[in-house]
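Q: fold the following for me, if possible:
(chains A and B)
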Amino acid sequence: MTDDQGELEAQFAQWRHYVQRRRELRQADVDELEDHLRGSVDDLVAAGLHADEAFLVAVKRMGSLDELSREFAREHSERLWKQLVLTGGADGPTPSGRSRRDLLVMVGCAVGAAASVKAPELFGLTLEDDAAFYGPNVGLFALPWLAAFLAWRRRAAPAVIGALVALFALGAVAANAYPLAEDSQSLVLTSIHLPIALWFVVGLAYVSDDLRSSRRRMDFVRFTGEWFIYYVLIALGGGVLIGFVFGTFEAIGISPETVIAQWVLPCGAAAAVVVAGWLVEAKQSVVENIAPVLTRLFTPLFTAVLLAFLVTFVVTSAGIDVEREALILFDLLLVVVLALLLYSASARDPLAPAGVFDKLQLALVVSALLIDVLVLWEITGRITEYGTTPNKAAALGENVILLVNLAWSAWLMTGLIRRRVPFAGLERWQTAYLPVYAAWAWVVVLAFPPLFGFL
Amino acid sequence: MKVTKDLVAASATPMVLGILAEEDSYGYAILRRINELSGGELDWTEGLLYPLLHRLERLGHVESSWQSVAGERRRKYYRITRGGLAELAEQRRQWATVVDALKEIWPRTDFTTFPLGGFA
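A: Residues are numbered from 1 along each chain as shown, chains lettered A, B, ... in the order given. Model (predicted):
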């Protein structure tokens, strides 16, 4: 009898496991159905059946799981939509302590980020008057808190935590140790590059559970894209909120300008960095990622624009006006092309054969490369003629880094389309290249100011 | 003779509310009671019963609570609410109208065992 009982329990466990995979069915529903099944089995056993026979008959009577799920889905259609449960299901018999702890830690980190923005005021620095302080330090207010949240979630090893602390400390030194004038180029460069360098430190926290894994790095790329989209959405919502605060308070004759400019906006912006990161972590695998969808949408459009530009350029044979703005513009263009490449790679089935979309992407990359070669040729001529500045050197360096990446990517994609290289090769190349961006950002932040005499 | 699916679906709500008006109950017992009442003629499935119970709960006609029964098992009991009783009264009124109308049309003698007779 005990043997029978054990076997029956094993069958129930198997059934439970099978049913739990249906997302139309919540844990509470599974429990309810299991109770039903057990009632049915008990009755059948009482009628003289063996336990295993009774189980089979009871399951059979319950009907096909597909049909059952469909009926549940009709009543609970919302379950196919939102499944981001913020604080654990209220109806579930087992409240998920994990997501609640996550929420608490996230709130702590977000408050910490908001407080960090205001902390310098204790030392007499204000947002309005000390742009030279806030500019380079902007990444240091919120990103350490995001990294802390991620490292906590991943239960990072002490060595990794030590490295994170050291890197953020290095960032703080780089931002504040050099004597840079308020209008120097290096100050602007540091303000742009230090957040990038620190974002890769966040990446280190993100992959801290498996440092060498290419898949984990790709996850970080996905995380970055989703984080950005969430941040923009939160910012839009925040904009609406601020608009209403302005409107309502002005209606009663009180100007909320100082409160908003000094508190709501900076604290909100810093806290949103952590909140967006938490949202991506919480909803991961719940909702379809949006970055790859946008990629699919915009890859053909960007390809068309680049090809049109190339054709016009050749037909009119106009020279490119390589001023600083143009240089930055073309850098950004390469970044966009690279992002399109990365995010479609992040969502691609690694085993799928090359298709039309891959060819389209190759066309995109090749046209971007051609344009970039034209720009680079102009620039190097310019630099040899007039000498260089920190801005030009930084932009040029970035251009070369992106060019190398895209050139090799184009090579790998050609191989993919000719079915000589597996897709994993392209993915590995992209993830292996990530540290290069980080390294360059650190070089600009740490080495450029002394190299160019703190210009 | 099996009752058609449409008719089962139409009579499902008053059936469940009626059973719960007798006493608090849980899914498997409700299904057994329906079987008993209809002599096995009403073909109810779990896919009909549980989503219906959840809908009635959402509409506020019934409320549920988890209770421990023998051993480790937890069972979800349903109880009819005041709103559910009002709904049941309304459904009974409507069903009585339907049954009365049908009885007017159909000669009484042909249908001595008309299953809905009990409602009138």
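
Q: every contact and neighbour count from this point should use C-alpha atoms.
A: OK.

Q: am I right that residue B:73 is in contact with residue A:34?
A: No - counting by CA atoms under 8 Å, residue B:73 does not reach residue A:34; the two are 9.4 Å apart.

Q: neighbour count: those two, which is higher?
A: residue A:34 (20 against 13; other CA atoms under 10 Å in any protein chain shown).

Q: helix or strand right after the one helix or strand the more buried one maps to?
A: Element membership of residue A:34, judged by DSSP states H and E, is helix A:27-46. Where DSSP H and E defines the elements, the next helix or strand beyond helix A:27-46 is helix A:51-62.

Q: so which elements touch the helix holding residue A:34?
A: Under the contact definition 3 or more CA pairs under 8 Å, 6 or more residues apart in numbering or on different chains; DSSP states H and E, helix A:27-46 sits against helix A:2-20, helix A:51-62, helix B:27-38, strand B:74-80.

Q: out of those, which is closest to residue A:441?
A: helix A:2-20 (46.4 Å; CA to CA).

Q: which elements pack onto the longest helix anywhere in chain B?
A: Looking across chain B with DSSP state H, the single longest helix is helix B:82-105. Contacting helix B:82-105 under the criterion 3+ CA pairs under 8 Å, 6+ apart are the following elements: helix B:5-22.

Q: buried sites along the helix it packs on?
A: Neighbour-count burial for helix B:5-22, counted by 16 or more other CA atoms under 10 Å in any protein chain shown, picks out B:8, B:12-21.

Q: over to stretch A:353-363?
A: Buried positions in stretch A:353-363, judged by neighbour count with 16+ other CA under 10 Å: A:354, A:358, A:361-363.

Q: what's the answer for stretch A:232-244, then?
A: A:234-235, A:238, A:242.

Q: stretch B:100-107 too?
A: Neighbour counts using 16+ other CA under 10 Å place residue B:103 of stretch B:100-107 among the buried residues.

Q: now that stretch: how far from the chain's centre is it?
A: In terms of CA atoms, centre = their mean, to the nearest Å, the centre of stretch B:100-107 is found 23 Å from the chain centre.

Q: same question, stretch A:258-270
A: Mean-position distance between stretch A:258-270 and its chain equals 24 Å (CA atoms, centre = their mean).

Q: tell me the mean pLDDT over that stretch?
A: Confidence for stretch A:258-270, expressed as mean pLDDT, is 88.

Q: now do stretch B:106-114
A: Mean pLDDT, computed over stretch B:106-114, is 61.

Q: for the residue of chain A found nearest chain B, what are its contacts?
A: The nearest approach of chain A to chain B comes at residue A:68, 4.6 Å away (CA to the nearest CA). With contact taken as CA atoms under 8 Å, 6 or more residues apart in numbering or on different chains, residue A:68 is in contact with B:46-47.

Q: run the last query once more with 10 Å
A: Applying CA atoms under 10 Å, 6 or more residues apart in numbering or on different chains to residue A:68 gives the contacts A:24-25, A:62, B:45-48, B:50-51.

Q: quick one: list the elements packing against the longest helix along chain A.
A: Longest helix of chain A, by residue count under DSSP H: helix A:214-251. With contacts taken as 3 or more CA pairs under 10 Å, 6 or more residues apart in numbering or on different chains; DSSP states H and E, helix A:214-251 sits against helix A:185-206, helix A:257-259, helix A:265-283, helix A:291-316, helix A:324-346, helix A:423-446.

Q: circling back: dump the buried residues of stretch A:232-244 into a markdown table; add pLDDT as well.
A: Converted to a markdown table, the buried residues of stretch A:232-244 look like this (pLDDT from 0 to 100):
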| residue | pLDDT |
| --- | --- |
| A:234 | 94 |
| A:235 | 95 |
| A:238 | 93 |
| A:242 | 91 |
